[in-house]
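Q: Here's a sequence, model it:
(4 chains)
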There are 2 protein chains.
Amino acid sequence: MTSIDDVAKSIGVSTATVSRALRGLSGVSAGTRLRVQCAAEELGYVPSSSASGLASGRTMAMGVLLPQIDRWYFSAVLEGVDRQLRAAGYDLVVFNLGGSGVNRQRVFHRSILRKRIDALLVMCMELTDDELQSLQAVDSPTLVVGGSVRGVRHVGIDDDAAARDAVEHLIALGHKDIAHLRGGGSFGIEFEVPRIREESYLSTMARHGLPVRPEWSVFGDFRFKRGKEAAFTLLRDPADRPTAVFCSSDEMAFGVISAAADLGISIPGELSVVGIDDHEFADPLNLTTIRQSPEEQGAYAADLLLAELEGGAPVAAPGPRPHELIIRTSTAPPHSLPAK
Amino acid sequence: MTSIDDVAKSIGVSTATVSRALRGLSGVSAGTRLRVQCAAEELGYVPSSSASGLASGRTMAMGVLLPQIDRWYFSAVLEGVDRQLRAAGYDLVVFNLGGSGVNRQRVFHRSILRKRIDALLVMCMELTDDELQSLQAVDSPTLVVGGSVRGVRHVGIDDDAAARDAVEHLIALGHKDIAHLRGGGSFGIEFEVPRIREESYLSTMARHGLPVRPEWSVFGDFRFKRGKEAAFTLLRDPADRPTAVFCSSDEMAFGVISAAADLGISIPGELSVVGIDDHEFADPLNLTTIRQSPEEQGAYAADLLLAELEGGAPVAAPGPRPHELIIRTSTAPPHSLPAK
DNA sequence: TTGAAAGCGCTAACAA
DNA sequence: TTGTTAGCGCTTTCAA
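A: Predicted coordinates for the structure are as follows:
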């Protein structure tokens, strides 16, 4: 592996000059810089991140801590984070807690604090007190994405408003019998978010004087399969079922749509469905939903962190990221005629 | 930040001893090791990865190069890779090419070769000759996951056999009019895979003496939306449409199912659908499919690389990973009565 | 079983 | 504008 010395010697300058030239620092003559760049290119020189990390104290990498990678929200946030990191010349290190267990400990104690990264982004999830303390102890800038975690600033949508907008859309259409398919924590993911959305559903219903039946507030886990199962329960009695379902995630809404299809219930004629997310499948499935952009949230959070690394002042309380009601054809006034 | 020196001084041993004790090397007395471990714990010492990386030449990190993070296959592979890395004490660095453009170059030249990682896993995708050369130039162990890339060994299923199994399942049921919804390269993802599956479809049909109509071999991009659009075209004429569709991905198969629902075509009564993947949604949607496990593939590939890093001999040509026909209720003999 | 000491390849003062 | 020279915090011979 060619080192900075090789480059320096090959054109008879010092390693300091090579370093300066290659990093674009001022104080290097144009001519020298060019010669250095050519020599580096020629020799195939690439700086060692370990060496520069050790010497400068900056690794040029950002970490993302998450409970799982292959879920719509998390992987989309990663995409947004990564886009900004790439543009800023940073690398992305992913710390996946992957459920619970011993490894979870190890990740915290071995990986995160190991000076492999300059800043850390934490995906919204349930954390133990120990873990929270470890996070606070990290001296690098830290930020939570996607929902609040006790005492740490976070970037995300206003979940209360988002749920309210969804429910009020149904109410405005004339629905009164509105069920809620709520999210919930399989192994502790996003424990705050489902709660906030549930409360928002309840208070919005109350504000409009609409009754809420306990059996119409159903647990799901944000995902398709459980959403579909829950929908079967919710919709099984033709004589006594809601005219609309508010789902705390699009994936669960897809489950409702699929269950309705199996049961021969027409949407939106006999049932309106609204979700939250604007998942990739929402458009082709004509799902009315509250759009949020995890990518944008990730990008925004990464920018915040990046700015701090460049010496900017930390933003103590980032404002909520935008959400938007996207009306498609899965919602209509109750008992409306089939679209055909 | 407490350093190894602090630990060493605190109990009056040398830094070498601390290093040895903490890494579990032999040649340290049990008593000393215990004292070191306690002292380290006490002081909250965590080794710096930059420093140990520089000194030892090993970063204890593995890189994954991919064209996109938030796609079913890629994020699932990441999950599998990460699981093994976690167990082995390695960190995961994600290099996302994110489409094309200048950044793509930068990722290759700045990040990958930068000694940030000990080994590299490349997700199956289209690469330029330059990029391929850069890869070959990396002296760390490298492996492709998911489909062959010119001249680099890879881990993945036998795509030819997988497609054949799917088509023969339909043929065994008595179908003769079988369409193929093929994948294809939006920005060059998996360029070999869709081709192999298409060829397998064609040759299997030919082997059974079944005709293939050009208009029944339709392009998709592996995804739901395009799959649904393509299905509308394929199925629009009730008098002249296939009795079965083989889809090169489950997501496209979901599109077919959704299109069929919109068109009032019953599955499997009037149309059989088979996919490839066994996506999370396949079970609740009752999709017959060829199961593959990207997680397992990722884990297997990571293990291979890890073994090489431990000094094992490189496996020149890993065998194909398993796939399996999962029969659900989206396939049945042609013109069978509705399941009800 | 332990310690001393020489780097690993780079950055950043400080000098020139 | 450029060079000299200490380190950064570890690992790893080599000696004891």
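
Q: Mind telling me which residue of the stretch 151-300 of chain A is nearest DNA strand C?
A: For the stretch 151-300 of chain A, the residue closest to DNA strand C is A:A299, as judged by C-beta to the nearest atom of the strand, at 26.6 Å. Every C-beta, even on glycine, is put in place using the N, C-alpha and C of the backbone.

Q: any idea how far that residue is from B:A260?
A: 37 Å (C-beta to C-beta, to the nearest Å).

Q: Could you do A:Q297 as well?
A: A:Q297 is 35 Å from B:A260, by C-beta to C-beta.

Q: before we move on, what about A:I257?
A: For A:I257, the distance to B:A260 - C-beta to C-beta - is 14 Å.

Q: ok, now which ones touch the residue in the stretch 101-250 of chain A positioned nearest to DNA strand D?
A: Closest to DNA strand D within the stretch 101-250 of chain A is A:K115: 7.7 Å, counting by C-beta to the nearest atom of the strand. Shown in contact with A:K115 (C-beta atoms under 8 Å, 6 or more residues apart in numbering or on different chains): A:G53, A:T59, B:M1, B:V46, B:S48, B:S49, B:S50.

Q: Also A:R20?
A: Counting by C-beta under 8 Å, 6+ apart, A:R20 has contacts A:G27, A:V28.

Q: For the residue nearest the centre of chain A, report the pLDDT, please.
A: The residue lying closest to the centre of chain A (C-alpha atoms, centre = their mean) is A:V77, at 4.0 Å. Looking at A:V77, its pLDDT is 98.

Q: ok, and the closest non-adjacent residue to it?
A: A:G298 (3.7 Å; C-beta to C-beta, 6 or more residues apart in numbering or on different chains).

Q: A:S330: neighbour count?
A: 24 (other C-beta atoms under 10 Å in any protein chain shown).

Q: Please verify my assumption that it contacts A:F281.
A: No. Counting by C-beta atoms under 8 Å, A:S330 does not reach A:F281; the two are 12.0 Å apart.

Q: Overlap in contacts, those two.
A: A:L287.

Q: per-domain residue ranges of chain A.
A: Chain A breaks down by automatic domain parsing into domains covering A:4-47, A:61-156+A:294-309, A:159-291+A:324-336.

Q: Figure out which of these is closest to B:I267.
A: domain A:159-291+A:324-336 (10.3 Å; C-beta to C-beta).

Q: and the closest one, what's its mean pLDDT?
A: Rounded mean pLDDT across domain A:159-291+A:324-336 is 94.

Q: Please tell me how far it is from the chain's geometric centre.
A: 21 Å (C-alpha atoms, centre = their mean, to the nearest Å).

Q: Wondering if that domain reaches chain B at all.
A: Yes. Where contact is defined by C-beta under 8 Å from any C-beta of the partner chain, part of domain A:159-291+A:324-336 touches chain B, namely A:223-225, A:228-229, A:254-255, A:258, A:261, A:280-281, A:283-285.

Q: Quick check: the gap between the residue nearest to the centre of chain A and A:R20.
A: Taking C-beta to C-beta, one finds A:V77 at 36 Å from A:R20.

Q: Kindly report the same for A:R104.
A: From A:R104 to A:R20 the distance is 43 Å (C-beta to C-beta).

Q: Verify the stated contact: A:V218 with A:L235.
A: No. Here A:V218 does not reach A:L235: they are 10.6 Å apart, not a contact under C-beta under 8 Å.

Q: what's in contact with the host helix or strand of the residue nearest to the centre of chain A?
A: Assigned by DSSP states H and E, A:V77 belongs to helix A:72-88. Among residues not part of helix A:72-88, those counted as contacts by C-beta under 8 Å, 6+ apart are A:62, A:64, A:66-69, A:91-92, A:94, A:121, A:123, A:145-146, A:251, A:277, A:279-280, A:293-303, A:306, B:68-71, B:75, B:94, B:96, B:98, B:103, B:106-107.

Q: tell me the angle that helix makes with helix B:72-88.
A: Calculated by axes from the mean of the first three to the mean of the last three C-alpha atoms, to 10 degrees, helix A:72-88 forms an angle of 80 degrees with helix B:72-88.

Q: ok now helix A:72-88, how far from the chain's centre?
A: With C-alpha atoms, centre = their mean, you get 9 Å for helix A:72-88.

Q: ok so, going back, tell me the spacing between the residue of the stretch 151-300 of chain A closest to DNA strand C and DNA strand D.
A: Using C-beta to the nearest atom of the strand, to the nearest Å, A:A299 is found at 32 Å from DNA strand D.

Q: nearest residue to that residue other than its sequence neighbours?
A: Using C-beta to C-beta, 6+ apart, the closest residue to A:A299 is A:G80 (3.9 Å).

Q: Please apply the same query to A:H169.
A: Using C-beta to C-beta, 6+ apart, the closest residue to A:H169 is A:L325 (5.8 Å).

Q: looking at this, the one you found is in a strand?
A: Yes. When DSSP: H, G, I helix; E, B strand; the rest coil is applied, A:L325 is found to be in a strand.

Q: Excluding chain neighbours, what is closest to A:M123?
A: A:L66 (4.0 Å).

Q: shouldn't the one you found be in contact with A:C124?
A: No. Judged on C-beta under 8 Å, A:L66 makes no contact with A:C124 at a distance of 9.1 Å.

Q: Next, show the common contact partners of those two.
A: Between them, A:L66 and A:C124 share no contacting residue, judged by C-beta under 8 Å, 6+ apart.

Q: circling back to that earlier point, who are the contact partners of the residue nearest to A:M123?
A: A:F74, A:L78, A:V94, A:F95, A:N96, A:L97, A:V122, A:M123, A:M125.

Q: Selecting buried members of those residues in ChimeraX, what would you type?
A: To isolate the buried ones among these in ChimeraX, judged by 16 or more other C-beta atoms under 10 Å in any protein chain shown, type:
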select /A:74,78,94,95,96,97,122,123,125
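
Q: Let's see which of the contacts of A:L66 end up in strands.
A: A:V94, A:F95, A:N96, A:V122, A:M123 (DSSP state E).

Q: for those, which one is nearest A:A162?
A: A:M123 (18.0 Å).

Q: so what's the closest one bridging to?
A: Taking DSSP bridges, one finds A:V145 as the beta-bridge partners of A:M123.

Q: measure it to A:L132 for me?
A: 14 Å.

Q: Same question for A:E324.
A: Taken as C-beta to C-beta, the span from A:E324 to A:L132 is 32 Å.

Q: swap in A:M1?
A: Counting by C-beta to C-beta, the gap from A:M1 to A:L132 is 41 Å.

Q: Repeat that for A:A172.
A: Distance from A:A172 to A:L132, by C-beta to C-beta: 41 Å.

Q: Counting neighbours around each, name which of these two comes out higher.
A: A:L132 (15 against 11).

Q: avg pLDDT for the helix or strand where the more buried one lies?
A: Applying DSSP H and E as the criterion places A:L132 in helix A:129-137. Across helix A:129-137, pLDDT averages out at 82.

Q: Identify the residues contacting that helix?
A: With C-beta under 8 Å, 6+ apart, helix A:129-137 has contacts from A:104, A:108-109, A:112-113, A:120, A:122, A:127, A:142, A:149-152, B:44.

Q: rerun at 6 Å
A: A:F108 (C-beta atoms under 6 Å, 6 or more residues apart in numbering or on different chains).

Q: How far does it sit from its chain's centre?
A: 21 Å.
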